[in-house]
Each structure stands twice: as C-alpha cells, then as structure tokens.
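Peer 1: next comes the sequence, and after it the predicted model I'd like to discuss.
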Amino acid sequence: MMPLNNGKAIEVAGLTKHYGDLLAVDHISFEVLQGRVFGFLGPNGAGKTTTIRMLTGLTRPSQGQACILGYNLATDLTRIKKVIGVVPETSNLYHELSARDNLVFMGQLYGVPRRERGERSDALLRRFRLWEKRDTPFGKLSKGMKRALTVAAALVHHPQLVFLDEPTTGLDILSARSLRALIGQLREEGVTVFLTTHYLEEAERLCDQVALIVKGRLVALDTVEGLKARVQGRAAVEVTVGPGAGEARNAHLRFTAYDVAAALRSALDEAERQGRPVLSVRTVGPTLEDAFIELTGLSAELMLAEKGGR
Amino acid sequence: MWRDDLRGIFYIALKDLRAYYLKPPNISWGIIFPLALILAFTIRQPGEVWELVPGLLGMTLLFGTTSMEAIVITFERRIGALERLLLAPISLPALLMGKVVGGMAFGLVTTVAVLVVAGLGLRGRPNWPMLLLTLLLSAAAFSALGAFVSVAVREVFEAQTLANFIRFPMIFLGGVFVPLSALPPPLRVVARALPLTYAVEAIQRALFGAALWTFGLDLLVLTAFAVSFFGLAAMVLTRKLD
C-alpha cells in the first residue's frame, strides 16, 4: 500500500547531525515536491553529503525527522530503500564484475524479477552507450564510463526518487552533458531528483528549486528565479581581459554592484591591478552565481577550486 | 522484510564467490597446499598420515573460509562498494551474513575437495551426518571470525596481518600437527580458547566414528564462537558506519 505523501517526495524537519563535537548539519528543514529537480548547493564540508547519507539511511540523524515518499525515515527504512536510487560521490561498483553483471546484481539485490532485470540492464547499457562495454569489468572502464554505469546502477529498480551526489564532478564535457540530459529525461518521466553539485550553472540549468547550505545551515531555499530575484536590483558586468605578463590565456572578470558604472569601475580597476588588457565589456543579468555569492558570502570560484574546478 | 534479507544473503554470497573467491589463485592455494602437506607426510611416515587428516581438514577449512573473508569487507569499504550494499533494501546483519555465507561456501568446497582425496585411504566408518554438521558449524565460526577481523581494521594489509596473527598460533595450538595431550598444561588452556581446537576434535570424532554424545561440547562451543564473532562483527560494523 502506497503511503499518503501529498505530492511530496521529501519532507525534512529539523534534521541535525553531530559527529562528536562537530555539528555537520544544523536543524535543516525543507520539502521537495514529486517530479521536481531539487538542487542542494554549498561548498565542500557544508553538509550536503551528510544530508544525503541521512536521507538514504547510511547514517542516523542526531535529531529531527524526515519522510521520503511518505515513509518515515526512522521506521520504514527498508521500504524507502526500495523506492530510491542513489548515485554516491564516488563511482563505487564492483571492479571485478562486468558492466552488465554489476547492473544485474543491483537488480537481484532490489528484487527485480529475473527476466525484467536482464532486459532492464540491457536497456540501461544501451541508454548510457555502454552496450559495447557490457562484458568489460567495471575496474577497466574509463572514468566517465564508470560514472555513467554508477548512475545506471541506481536506476535498475525504477526508483521514484534519485539522489545524485556531485554526478558530473570529474566528467569530460560530453559525458557531463549527457548526464544532464538524463536528469531532464528523469524529470519528464516523473522521477524526483535530489542533486548536489558545485557547478552553479548546472544547478541553474537543471533545478526547479534550490537550497543553499553553508556550514550545516540552510541559508536560502527558493526557485532559481526566486533566488535570482533577490539580487535583481544589482547590476553585473563581465569584462574579458587578455593575458597578463607570463600568461597565455584570456580571462573573465565578473563584478556586481548597485549600478553598472560602479560594477564597471571595479572590473576595470581589477584588470589594471592584474596587468591585463581589457578586450571586451558586457552587462549581464544576475545569475544563480550572483545570488549564491550574495546569500552565502562565499565566492563561486572558491567552491569550484575546492573540487578541482572545471 | 525477511524475504528481502534472505534474497540479499543469497546474492551477496553468490557475488562474493564470483568476484573474489572462485579465482584460480584462491582455489589452487585452498586445495593444493593441504594436499601437498598430506603427500609430504604420506611419503615421510606412511602409517601415521591418517592421524593428521582431521587437523589438515580443520586447517583447510580455517584458511578456506578466512582467506578472502578477512579482507573482503575492508576492501569493499576502502573502494566504497560496501555502501552499495548498505543502500539496498536489506538489513546490516543480512549483509554481514551474506559475506559470512560466501566465506563458508568457499571453505566447505576446498575442504570437501581435500576430504575426497584424503578419504580414499581412510580406515573405519566415518559418521557422515556428524562430519557434515561439524564442518558447517566450524565454517560458520571461522567465517564469522574472518568477518570480525575484516570489520575491526581500516586497511587491507592490517586485516591480513591480524588474520595471520590469529590463524598461525591456532594451527600450532589447535591440534593440527601436535595433539593437545602433547602440549604443556598452560598451552593446553590457551588451546581450549581457540575454535580450531574444537573443530579438529569434532572432525576427528566424526571421521573415526565416535558416539553421538561425544560431539555435544565441541558443537556447542563452535556454535557459541560463530554467534559471538558474528555479533561482534555486526556491532563493530554498525558503529563504524555511523
């Protein structure tokens, strides 16, 4: 019997996690509607992965409550596990098993009927363009293929909610694009997606709703447009500058201020300070990145740099 | 719920057998090494080799069950693959039981292979049902010990070191090569704290056709070891994962 969940895929109230003296997640509360893509953004160590670990039953909350698709996290964990799929931050399938055997094994663990799990595994291998590699051991696949297979493994049992923890980190451009397309397809199929990412452009493109978490606390929770509207009054200027002394590449400087002239002055001052010639100037509307910087007090570059950048 | 757990135990054991155990180096080590020992003792003292068979069967079972079992959980934790199992709709004890059953199955396969060869020259009338029960309970105790070693450490090399630290003294004190009666009294007390001692004793009784009632204490102690090691392993793993 399906539980009543009023169209909510996730309901979280006061969720908290302590590791000894460290407060990793601090009384966060939010709701995610079914069939939506929910972005959970924040810098390294903000509490994103800990939150996912709590919501997927890998670690117990110190305080607070959560319901997943109407099931209580504290009492219905096995039922919850049957209807969710999880793509952890690291691609963690079995190195010794082939690509196909890994998917079939996941089907076995989740009780997918024998014939269906074979068909489903083959369909996923084709969908993720891994059919040619179906007999290759997971350990011998490229990094992008490992990531794709890890995502496929989370979908074998037709989950209604998928947790994606940094799914595109370390992927090449084509693989990342393909994965983003898949997230769009999942949404069209009515699957709810809980996505953590360092890449604000990715979140802006994919997410219906975004939560910003810093040092374990939710600092904002809104739609992408809602967050951008919070910095609507500000102007942003993007200046392309040529290479400085001893450098080979152009760079982009982005500044926001309450008027275009102030933003432009800041950008030109910075170009001069760096000793780079100004190549072009354009004014742009506020992005999620601007909202992120405004609301968290952190720089987007810092967030990317922590993860190796892109 | 119990159906999910049973399914999980079966498929985790099957996956472990395919992914780790049934590889040529494991099979050859598990079967050829004890057979080579039997051959060496047969050439050296043909009349006395059958006295060693129970001990060698016990040793084969100990190494067969723990060779991979003692490192597999540590290895899967290191590469993150254990999380895959924890995310599946099965309980943590069922997950651990799947690992233990995989180790038991491999240990029993290698031991039966050695038994088939060693049994060709066996005299007397073995008590087959008791031998089977003894091997099952011994395999459970050893495999649970392997699981405990595997969850107690962080690195694979630490698991191997700890497993050898436990296994090798057991071989010397557990009645494999030296009968318990030949040990000095203090070492006899130590030997009585080792599961291998009870396994070898019960295998000896089963092979040489002893009366049923003589198995009681050995099988009871082996069951207690299996339950205790499993409980400890589950407790440590639960604590480490949170």
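Peer 2: Nice, thanks for sending it over. Being a predicted model, the structure only gives us computed values, none of them experimental.
Peer 1: interface residues of chain A facing chain B?
Peer 2: A:56-60, A:78-79, A:81-82, A:86, A:88, A:90, A:92-97, A:101, A:105-106, A:108-111, A:153 (Cβ under 8 Å from any Cβ of the partner chain). Placement of C-beta: from N, CA and C, glycine included.
Peer 1: just the closest residue of chain B to chain A, please.
Peer 2: Closest to chain A within chain B is B:Gly80: 3.5 Å, counting by Cβ to the nearest Cβ.
Peer 1: identify the residues contacting that residue.
Peer 2: A:Pro88, A:Thr90, A:Asn92 (Cβ atoms under 8 Å, 6 or more residues apart in numbering or on different chains).
Peer 1: ok, which stretches of the stretch 151-300 of chain A are strands?
Peer 2: A:161-165, A:192-197, A:209-214, A:217-223, A:235-241, A:251-257, A:278-284 (DSSP state E, counting those that start in this stretch).
Peer 1: and of these, who's closest to B:Leu108?
Peer 2: Among the strands of the stretch 151-300 of chain A, the nearest to B:Leu108 by Cβ to Cβ is strand A:161-165 (39.1 Å).
Peer 1: thinking again about what came up before, export the strands of the stretch 151-300 of chain A to CSV and tack on mean neighbour count and mean pLDDT?
Peer 2: Formatted as CSV, those follow (neighbours: other Cβ atoms under 10 Å in any protein chain shown; pLDDT from 0 to 100):
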stretch, mean neighbour count, mean pLDDT
strand A:161-165, 24, 94
strand A:192-197, 24, 92
strand A:209-214, 23, 91
strand A:217-223, 17, 89
strand A:235-241, 20, 79
strand A:251-257, 17, 76
strand A:278-284, 12, 81
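Peer 1: show the subsequent helix or strand relative to the helix-or-strand element of chain B with minimal mean pLDDT.
Peer 2: The weakest-scoring helix or strand in chain B, judged by mean pLDDT, DSSP states H and E, is helix B:24-44 (a mean of 80). Using DSSP states H and E, the helix or strand that follows helix B:24-44 towards the C-terminus is helix B:49-79.
Peer 1: I'd guessed A:Ser29 sits against A:Gly14; true?
Peer 2: Yes. Applying Cβ atoms under 8 Å as the test, A:Ser29 and A:Gly14 come out as touching, 5.9 Å apart.
Peer 1: shared neighbours of those two, anything?
Peer 2: Common contacts of A:Ser29 and A:Gly14 (Cβ under 8 Å, 6+ apart): A:Gly64.
Peer 1: re earlier: list just the nearest of the contacts of B:Gly80 to chain B.
Peer 2: A:Asn92 (3.5 Å).
Peer 1: is that closest one in contact with B:Ile79, as I believe?
Peer 2: Yes. A:Asn92 lies in contact with B:Ile79 (Cβ under 8 Å); the separation is 6.3 Å.
Peer 1: who has more neighbours, the two?
Peer 2: A:Asn92 (20 against 16; other Cβ atoms under 10 Å in any protein chain shown).
Peer 1: what kind of secondary structure is that one in?
Peer 2: Secondary structure assignment for A:Asn92 (DSSP: H, G, I helix; E, B strand; the rest coil): coil.
Peer 1: got it, and the one 3 residues further on?
Peer 2: For A:His95, the reduced secondary structure class is coil; criterion used: three-state DSSP.
Peer 1: residues touching it, list them.
Peer 2: With Cβ under 8 Å, 6+ apart, A:His95 has these contacts: A:Pro137, A:Phe138, A:Gly139, B:Ile79, B:Ala81.
Peer 1: need the residues you listed in a markdown table with distance to B:Leu22 and secondary structure, can you?
Peer 2: Shown next, in a markdown table, are the contacts of A:His95 (distance: Cβ to Cβ, whole Å; DSSP: H, G, I helix; E, B strand; the rest coil):
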| residue | distance to B:Leu22 | secondary structure |
| --- | --- | --- |
| A:Pro137 | 15 | strand |
| A:Phe138 | 18 | helix |
| A:Gly139 | 17 | helix |
| B:Ile79 | 20 | helix |
| B:Ala81 | 18 | helix |
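Peer 1: so which of those comes closest to B:Phe172?
Peer 2: B:Ile79 (34.6 Å).
Peer 1: contact partners for that closest one?
Peer 2: B:Ile79 is in contact with A:Asn92, A:His95, counting by Cβ under 8 Å, 6+ apart.
Peer 1: ok, now with 10 Å
Peer 2: Residues in contact with B:Ile79 (Cβ atoms under 10 Å, 6 or more residues apart in numbering or on different chains) are A:Thr90, A:Ser91, A:Asn92, A:Leu93, A:Tyr94, A:His95, A:Gly139.
Peer 1: which one of the residues you listed is nearest to chain B?
Peer 2: A:Asn92 (3.5 Å).
Peer 1: now do the closest one against B:Glu83, distance only.
Peer 2: A:Asn92 sits 6 Å away from B:Glu83, going by Cβ to Cβ, to the nearest Å.
Peer 1: shared neighbours of those two, anything?
Peer 2: By Cβ under 10 Å, 6+ apart, the residues touching both A:Asn92 and B:Glu83 are B:Glu76.
Peer 1: who touches residue 228 in this structure?
Peer 2: Since you didn't name a chain, this refers to chain A. Counting by Cβ under 10 Å, 6+ apart, A:Lys228 has contacts A:Glu204, A:Val210, A:Asp222, A:Gly285, A:Pro286, A:Thr287, A:Leu288, A:Glu289, A:Asp290, A:Ala291.
Peer 1: ah, no, chain B please
Peer 2: Shown in contact with B:Ser228 (Cβ under 10 Å, 6+ apart): B:Ala141, B:Ala144, B:Leu145, B:Phe148, B:Pro195.
Peer 1: doesn't it belong to a helix?
Peer 2: Yes. B:Ser228 sits within a helix when classified using three-state DSSP.
Peer 1: just the C-alphas of stretch A:93-102, formatted as PDB.
Peer 2: Below are the C-alpha coordinates for stretch A:93-102, written out as PDB (Å, rounded to 0.1, in the frame of the first residue of the first chain):
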ATOM      1  CA  LEU A  93      30.500  -0.600  -8.200                       C
ATOM      2  CA  TYR A  94      32.400  -3.900  -8.200                       C
ATOM      3  CA  HIS A  95      35.700  -3.700 -10.000                       C
ATOM      4  CA  GLU A  96      35.800  -7.500 -10.800                       C
ATOM      5  CA  LEU A  97      32.300  -7.800 -12.200                       C
ATOM      6  CA  SER A  98      31.500  -6.800 -15.800                       C
ATOM      7  CA  ALA A  99      29.300  -3.700 -16.600                       C
ATOM      8  CA  ARG A 100      26.300  -5.900 -17.200                       C
ATOM      9  CA  ASP A 101      26.900  -8.200 -14.200                       C
ATOM     10  CA  ASN A 102      27.000  -5.100 -12.000                       C
END
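Peer 1: I appreciate the help and will end here.
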